[in-house]
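Colleague: sequence isn't available, so here's the structure alone:
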Ligand SMILES: Cc1cc2nc3c(=O)[nH]c(=O)nc-3n(C[C@H](O)[C@H](O)[C@H](O)COP(=O)(O)OP(=O)(O)OC[C@H]3O[C@@H](n4cnc5c(N)ncnc54)[C@H](O)[C@@H]3O)c2cc1C
C-alpha cells in the first residue's frame, strides 16, 4: 500500500494543532491537512483547562506574564495575533459565545468541551483528515518533503509538517515531550531548552506544614532567590503532603524550579494577612486591648484563620493559650512579622503529572517569525513545544492560538502550497 501524502501534517491535535489546522483551512480551503494524535480523541488536555471551563485568553497580555528565550519576538507575535483576535475568532468563526471575569475569558457555556467541539467541527467540516490513536515515532526530511513514521511502522508523507506535540506535563493527556526526539537530526541541541515543570506545587524542607493540610487562605507570597524577589497574590493552598499550591504559588513556581535546578534553595515568604507588618501589629495590639483575658489564639482569631494563626504562633515560639494581656510591644511586633513574612525554604517541586505547564522546548530564537525552524524549511513548531510559558490566567492557551496562527500564515504564505 502506498503511503498517504498531504500538503501539511500536524503532529498533535491539542489546542495549538487544532488551531493551526483551523487557521490554514479558513484561509486556504483546498490544502490537504492531516491532524495526527496519539489519543483516540483530539483536545484531551484542552478539556481539562480552567478546571473544565477553559480560560482561553487574557485581555491583559503582557511580557511579564511569560518566560521565554526571545521576549522581543514574543511581543511581535502578540502584535500579529493577540487576545482580541482570539476572542474574535472564537465568536465570529467558531460561533462560540464568550464571557469574561475581568481580564480572563471563557466560553459562555463555561465548558471546555464547547471549545474542543467547536474546533473539531470546524476542521472536520473544512476537510481536515483526523488520524486518531496514532503516535508518530520518527520524523525525517528528504528532497520531497517530510516522512512521518508511526508506531506501527506506517509512513505518512507531507510537504510541510507542524510539531504541535505539547510539553511534558500531565503526560496522561498524551503530551510526553516528544518534540525533542522528533526533531533530532532536524535541529541542533543548542536550539532546544530542556523541558522542566512550571505551574507546579512547591515543597518545603520543613515537614511541619503538613499540620495545615487542606488549608486555603488568601495570601501574598514572595519568592526570594538571591537578590531577586518576585511577588504574587491569590489563594494559597496547603496540599495533603505539606506542599504549597494555588495560583499565587504556581505563578512563582517556574522561577523556583529554575533556581532549584541551578542548585539554589529559594525561600518563599508568606504574608498570611495581606497587610503591612505595622498594620498587622496595630490590628493585633487593638485586639489584645479589646480581649486582654483571652488566649492570644482566641484574641487574634478575627484577623486570620485560627489553624494558621496557631501554627505560626507555635513556630514563632508562643504558646497559643498565653493571655493576650501578657504580650509586650516587642511580642506584638514579632508576631506581626511572622504573620506577614513567614519564611519557608523550598527544596523540591511536584512531578510532571502535577504540573500544568512546561517551561523549555524549541527556542523561539531558533524559529522565524512564522514559527518555522530556521534551519529546516517547511518544518514548524507551535504551542507548548516552543520555549514560551506563561503564568495562570489564559496566557498559555493564548500562546497556543498565537503561535498556531503565525504558523498557519507561514504555511499558506508559502508559494509552494
Ligand atoms: C489541568 C490543566 C489546566 C490548564 N488550564 C489552562 C487554562 O485555563 N488556561 C490556559 O491558558 N492554559 C491552561 N493550561 C495549559 C494549556 O492546557 C496548555 O498550555 C495547552 O494545552 C498547550 O497546547 P498544545 O497544543 O501545545 O499541547 P497539548 O494540548 O498538550 O497537545 C499536544 C497533543 O499532541 C499529542 N502528541 C504528543 N506527542 C505525539 C506524537 N508523538 N504523535 C502523535 N500525537 C502526539 C498529544 O496526544 C496531545 O493531544 C492548563 C493545563 C493543565 C494541565
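Modeller: Received it, and whenever you're ready, just let me know what you need. Given the structure is predicted, the values throughout are model-derived calculations rather than measurements.
Colleague: hey, let's count contacts and neighbours off CA atoms from now on
Modeller: Fine.
Colleague: for residue 74, give me its contacts.
Modeller: Residue 74 makes contact with 63, 68, 364, according to C-alpha atoms under 8 Å, 6 or more residues apart in numbering.
Colleague: for the second one, which non-adjacent residue is closest in space?
Modeller: By that I understand residue 68. Closest residue to residue 68 apart from its sequence neighbours, by C-alpha to C-alpha, 6 or more residues apart in numbering: residue 388 at 4.6 Å.
Colleague: ramachandran coordinates for the one you found?
Modeller: Note on residue 388: its backbone torsions stand at phi -140, psi 120 [degrees, to the nearest 10].
Colleague: test my guess that residue 111 contacts residue 53.
Modeller: Yes - shown here, residue 111 and residue 53 form a contact pair, counting by C-alpha atoms under 8 Å, at 4.4 Å.
Colleague: and the contacts of residue 74, which are buried?
Modeller: With neighbours counted by 16 or more other C-alpha atoms under 10 Å, the contacts of residue 74 contain buried members at 68, 364.
Colleague: make TSV out of the contacts of residue 74 and add distance to the ligand.
Modeller: Putting those into TSV (distance: C-alpha to the nearest ligand atom, whole Å) gives the following:
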residue	distance to the ligand
63	15
68	14
364	14
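Colleague: ok, so of the contacts of residue 74, who is nearest residue 191?
Modeller: residue 364 (8.5 Å; C-alpha to C-alpha).
Colleague: quick check: the closest one vs residue 392, distance?
Modeller: Distance, residue 364 to residue 392, using C-alpha to C-alpha, to the nearest Å: 21 Å.
Colleague: ok, residue 56 next?
Modeller: Counting by C-alpha to C-alpha - residue 56 and residue 392 are separated by 11 Å.
Colleague: so which of those two has more stuff around it?
Modeller: Using other C-alpha atoms under 10 Å, the more surrounded residue of residue 56 and residue 392 is residue 56, with 29 against 21.
Colleague: how about that one: what's its closest non-neighbour residue?
Modeller: Per C-alpha to C-alpha, 6+ apart, closest to residue 56 is residue 394, 5.0 Å.
Colleague: what's the pLDDT at that neighbour?
Modeller: If you check residue 394, the pLDDT there is 98.
Colleague: could you list every residue that touches it?
Modeller: Contacts for residue 394 (C-alpha under 8 Å, 6+ apart) come out as 55, 56, 57, 58, 104, 105.
Colleague: only whichever of those residues are buried, select them in PyMOL.
Modeller: Applying 16+ other C-alpha under 10 Å to these, the buried members can be selected in PyMOL as follows:
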select buried, resi 55+56+57+58+104+105
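Colleague: in helices, which of the contacts of residue 394 appear?
Modeller: The helices, defined by DSSP state H, take in nothing from those.
Colleague: and the ligand, which of the contacts of residue 394 contact it?
Modeller: 55, 56 (C-alpha under 6 Å from any ligand atom).
Colleague: for the ligand, state which of the contacts of residue 394 is nearest.
Modeller: Ranked by distance to the ligand (C-alpha to the nearest ligand atom), the contacts of residue 394 are led by residue 55 at 3.9 Å.
Colleague: which pLDDT value belongs to that closest one?
Modeller: According to the prediction, residue 55 has pLDDT 98.
Colleague: surely it is in contact with residue 103?
Modeller: No - in this structure residue 55 lies outside contact range of residue 103 using C-alpha under 8 Å: 10.1 Å.
Colleague: show me where this structure has its helices.
Modeller: 15-27, 49-52, 71-80, 83-92, 112-125, 179-182, 247-261, 277-290, 296-299, 306-315, 329-340, 395-413.
Colleague: can you list those helices in JSON lines and add distance to the ligand?
Modeller: Compiled in JSON lines, these are given as follows (distance: least, C-alpha to the nearest ligand atom, whole Å):
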{"stretch": "helix 15-27", "distance to the ligand": "4"}
{"stretch": "helix 49-52", "distance to the ligand": "3"}
{"stretch": "helix 71-80", "distance to the ligand": "14"}
{"stretch": "helix 83-92", "distance to the ligand": "11"}
{"stretch": "helix 112-125", "distance to the ligand": "9"}
{"stretch": "helix 179-182", "distance to the ligand": "7"}
{"stretch": "helix 247-261", "distance to the ligand": "11"}
{"stretch": "helix 277-290", "distance to the ligand": "34"}
{"stretch": "helix 296-299", "distance to the ligand": "37"}
{"stretch": "helix 306-315", "distance to the ligand": "28"}
{"stretch": "helix 329-340", "distance to the ligand": "30"}
{"stretch": "helix 395-413", "distance to the ligand": "4"}
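Colleague: tabulate those (a markdown table), appending distance to residue 380.
Modeller: As requested, those are exported to a markdown table (distance: least, C-alpha to C-alpha, whole Å):
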| stretch | distance to residue 380 |
| --- | --- |
| helix 15-27 | 11 |
| helix 49-52 | 25 |
| helix 71-80 | 15 |
| helix 83-92 | 20 |
| helix 112-125 | 19 |
| helix 179-182 | 11 |
| helix 247-261 | 25 |
| helix 277-290 | 51 |
| helix 296-299 | 60 |
| helix 306-315 | 50 |
| helix 329-340 | 48 |
| helix 395-413 | 7 |
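Colleague: ok, which of these comes nearest residue 200?
Modeller: Of all those, helix 247-261 comes closest under C-alpha to C-alpha, at 5.5 Å.
Colleague: quick one: buried residues of that closest one?
Modeller: Neighbour counts over helix 247-261 (16+ other C-alpha under 10 Å) mark 247-260 as buried.
Colleague: out of the contacts of residue 394, who's nearest residue 9?
Modeller: Out of those, the member with the shortest distance to residue 9 (by C-alpha to C-alpha) is residue 56, at 24.6 Å.
Colleague: right, and the closest one touches residue 398 too?
Modeller: Yes - with contacts counted by C-alpha under 8 Å, residue 56 reaches residue 398, the gap being 6.5 Å.
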